[in-house]
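[1] The sequence and its predicted three-dimensional model are supplied below.
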Amino acid sequence: MSTQNTLFDPTTTDYLAGVHADATAKSLFINGRWEAAANGETRTIICPADGSTVGVVSEASDEDTIRAIKVARETFDAGEWTATPAMERGKILLRVATFIRDNKELFAAAESADTGKRYEESEADMDDIANAFDYFGTLASHQAGRVVDPGDPNLRSRIDAEPVGVCGLITPWNYPLLQVSWKVAPAIAAGNTFVLKQAELTPHTAMLLMHALKESGLPDGVGNLITGAGANCGNPLSQHPAVDMVSFTGGLVTGKLIAKNAAETVKRTALELGGKNPNVIFADADFDVAVDNALNGAFFHSGQVCSAGSRIIVEESLHDKFIDAMVKRTNNIKIGGPTDEKAETGPLISVQHRDKVAAYVDKAREQGAKILTGGRAATSEDTNGQHGTGTTDLGAGVYYLPTIIDGATKDMDCVHDEAFGPVVTVETFTTEAEAIATANDTEYGLAGAVWTSDAGKAERVARALRHGTIWINDFHPYLPQAEWGGYKQSGNGRELGPTGLAEYQEHKHVYQNLSPASWDQFGLS
Ligand code: NAD
């Protein structure tokens, strides 16, 4: 029998008292109240770091989602929320930021329990999340629309920013609350109502956020949460006519399905999908820093990062030295649970996901690539081995060894498919043009990096790369003020930055004639 997770127990958290008030799990937050799934279904959340039980939550069905959509629709149409001054909406977001900072330990514990990620990383995520709420809280009060000059003193022309309406927000499990914050904060700032569907494996921080929103003054019915698998309760968010917009972050296959569904009622769609992100390293780069960042790009959060630097594209002359250094350091990477102080990275989210990563590596092997290190799941026997810390039982959780695949060529699936695990492929180039062509040779276009000490070359390559974020001599940083999103099949639309707010707004042109006159054109004779 599974034991209770030691980091986070939702039944002892006052903030979720309504969820566990009786024997039924009530994790659906609809119209300001905690509710159970109509069919009484539940799901047990398991921590992938050690197999412990985190909590039992409701497993919603389409019926529950439609109930939440109707509440969001009625609340929007009632007009009271949309009439709330933007500055007041912004103040709610600023209070949420403070709430998260004040309760950072609780939020971080819940995030680590659900995902298995290192507690330290979850704490850093909470700082970023609070910053996102701060950013959109501040931006909200600066939304005054725009005045256009029609070129005539008798005419007035202005652009009003209005909310889109009811938003369906769908998020993944890898950065659970961070991805939620990038949608919920701008949706509220713009005056929308929403139904959030958090990934079924990681519901607890979204549940805590619902409490934080209510405490911070968000009126009932504006923000609603459903928990459950996409196949069970997700479809109405892209299909129901009462939803005006669907914003989705997740995999390419699901994203295409959502886009197809949404087309039926011409909903606005924002899609943040996968990535196969090139990390281009020229021979004149600062060697040690480039190696260090290549490891960080590939193995941070065990590669379960949409912008992971999963494709190393290194100049041929540097290849052997670079790969030797990478393998040496990779062999020392320690893996373990959230509070294991020696752990440098953690588990994968589920056994099912680890199976996918393993199948990806097996296929690379079959297609002739060389596995230089890793290439298998960790077992209890690894606990005291080179990747173990001696503290975390690597057989009790869902761990996979950091893996480097050399000799990858563009005819191999490993170069094109997203592994979303601790796996990096290595390709080579000899000219700048070849580096650019190789880095752009992917159906994705989320992020990429270039490493060189030649500023001109860095600028040329950065401009030529068809990816939504380019790092020059760095990897991974992002800012709430700067747009985030993908080219090509990494999605459409942008999160964060002013564009991240505009995604949730309609822009209405109001044209006023101060001196109306007849046209004297029709039917005068
Ligand atoms: P996923 O597509 O399996 O699931 C994402 C969400 O969609 C989950 O909440 C899931 O329940 C829901 N869903 C599934 N089917 C649905 C349906 N029919 N209708 C509505 N919702 C449905 O993705 P995942 O495995 O949770 O996340 C990993 C993927 O997310 C990776 O591809 C990663 O690159 C991507 N990702 C992208 C970004 C970005 O910013 N571009 C950020 C994080 C993750």
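    Alright, I've got the coordinates.
[2] Every contact and neighbour count from this point should use C-alpha atoms.
    Fine.
[3] what about the strands in the stretch 251-400 of the chain?
    268-272, 278-281, 311-315, 370-373 (DSSP state E, counting those that start in this stretch).
[4] average pLDDT for the last one?
    For strand 370-373, the per-residue pLDDT values average out at 98.
[5] Show me the contact partners of the host helix or strand of K197.
    Per DSSP states H and E, K197 falls inside strand 193-198. The contact list for strand 193-198, computed with Cα atoms under 8 Å, 6 or more residues apart in numbering, reads 65, 68-69, 72-73, 75-76, 165-173, 176, 180, 184, 187, 206, 221-228, 234, 237.
[6] Among the residues you listed, which lie within helices?
    65, 68-69, 72-73, 75-76, 176, 180, 184, 187, 206, 237 (DSSP state H).
[7] which one of those is nearest Y399?
    P176 (19.4 Å; Cα to Cα).
[8] How about that closest one: what's its closest non-neighbour residue?
    T202 (6.5 Å; Cα to Cα, 6 or more residues apart in numbering).
[9] same deal with H240?
    For H240, the spatially nearest residue (Cα to Cα, 6+ apart) is I66, at 7.8 Å.
[10] if we can go back for a sec, quick check: which of the strands of the stretch 251-400 of the chain has the most neighbours on average?
    Ranked by mean neighbour count, the strands of the stretch 251-400 of the chain are led by strand 278-281 with a mean of 31 (mean count of other Cα atoms under 10 Å).
[11] What are the contacting residues of that strand?
    Counting by Cα under 8 Å, 6+ apart, 290, 294, 309-315, 435, 439, 447-452 sit against strand 278-281.
[12] Direction included, what does that strand pair against?
    strand 311-315 (parallel), strand 447-451 (parallel) (DSSP bridges).
[13] Can you tell me which of the ones you listed is nearest to the ligand?
    strand 447-451 (9.2 Å; Cα to the nearest ligand atom).
[14] residues making contact with that closest one?
    So strand 447-451 is contacted by 275-282, 285-286, 290, 307, 309, 458, 461-462, 465, 467-475, 486 (Cα under 8 Å, 6+ apart).
[15] what's around A231, how many residues?
    9 (other Cα atoms under 10 Å).
[16] try A439
    27.
[17] What pLDDT does the model give the closest residue to it other than its chain neighbours?
    Nearest non-adjacent residue to A439, counting by Cα to Cα, 6+ apart: P278, 5.4 Å away. On pLDDT, P278 comes in at 98.
[18] Redo the strands paired with strand 278-281 as a markdown table? Include distance to N103 and mean pLDDT.
    Below are the strands paired with strand 278-281 laid out as a markdown table (distance: least, Cα to Cα, whole Å; pLDDT from 0 to 100):
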| stretch | distance to N103 | mean pLDDT |
| --- | --- | --- |
| strand 311-315 | 37 | 98 |
| strand 447-451 | 32 | 98 |
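[19] Just tell me which of the ones you listed ends up closest to F248.
    Per Cα to Cα, nearest to F248 of these: strand 447-451, 18.0 Å.
[20] Check the offset of the closest one from the chain's centre.
    On the basis of Cα atoms, centre = their mean, to the nearest Å, strand 447-451 sits 19 Å off its chain's mean C-alpha point.
[21] So which of the contacts of strand 447-451 belong to helices?
    Using DSSP H, those in helices are 290, 458, 461-462.
[22] Please pick the buried ones from these.
    Among those, those classed as buried by neighbour count (16 or more other Cα atoms under 10 Å) are 290, 458, 461-462.
[23] pLDDT wise, what is E483 at?
    98.
[24] Name all residues that make contact with the residue most central in space within the chain.
    In the chain, the residue lying closest to the centroid (Cα atoms, centre = their mean) is Q179, at 3.8 Å. Residues in contact with Q179 (Cα under 8 Å, 6+ apart) are 171-172, 249.
[25] of all those residues, which comes closest to K267?
    T249 (16.0 Å).
[26] Cross-check the contact I'm expecting between the closest one and N174.
    No: look at T249 against N174 with Cα atoms under 8 Å: they stay out of range, at 10.4 Å.
[27] helices or strands up against the longest helix seen in the chain?
    In the chain, ranked by residue count with DSSP H as the criterion, the top helix is helix 119-140. Contacts defined by 3 or more Cα pairs under 8 Å, 6 or more residues apart in numbering; DSSP states H and E place helix 119-140 against helix 86-102, helix 104-115, helix 176-189.
[28] For the ligand, find the nearest of those helices.
    Once these are compared by Cα to the nearest ligand atom, helix 176-189 is nearest, at 6.7 Å.
[29] Can you mark which positions in that closest one are buried?
    Neighbour count says helix 176-189 has 176-189 buried, by 16+ other Cα under 10 Å.
[30] Now do that helix against strand 193-198, angle only.
    Relative orientation of helix 176-189 and strand 193-198, computed by axes from the mean of the first three to the mean of the last three Cα atoms, to 10 degrees: 170 degrees.
[31] Could you export stretch 151-167 as PDB, CA atoms only?
    Taking C-alpha atoms only, stretch 151-167 is exported to PDB below (Å, rounded to 0.1, in the frame of the first residue of the first chain):
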ATOM      1  CA  GLY A 151      -6.900  63.500 -39.900                       C
ATOM      2  CA  ASP A 152     -10.000  65.600 -39.300                       C
ATOM      3  CA  PRO A 153     -10.800  67.700 -36.100                       C
ATOM      4  CA  ASN A 154     -14.500  66.700 -36.500                       C
ATOM      5  CA  LEU A 155     -13.700  63.000 -36.200                       C
ATOM      6  CA  ARG A 156     -12.600  60.900 -33.300                       C
ATOM      7  CA  SER A 157     -11.200  57.400 -33.600                       C
ATOM      8  CA  ARG A 158     -10.200  55.100 -30.800                       C
ATOM      9  CA  ILE A 159      -9.400  51.400 -30.100                       C
ATOM     10  CA  ASP A 160     -10.900  49.900 -27.000                       C
ATOM     11  CA  ALA A 161      -9.500  46.800 -25.500                       C
ATOM     12  CA  GLU A 162     -12.300  44.500 -24.300                       C
ATOM     13  CA  PRO A 163     -12.200  41.000 -22.900                       C
ATOM     14  CA  VAL A 164     -12.700  38.100 -25.400                       C
ATOM     15  CA  GLY A 165     -15.300  36.400 -23.100                       C
ATOM     16  CA  VAL A 166     -15.200  32.900 -21.700                       C
ATOM     17  CA  CYS A 167     -11.800  31.300 -21.900                       C
END
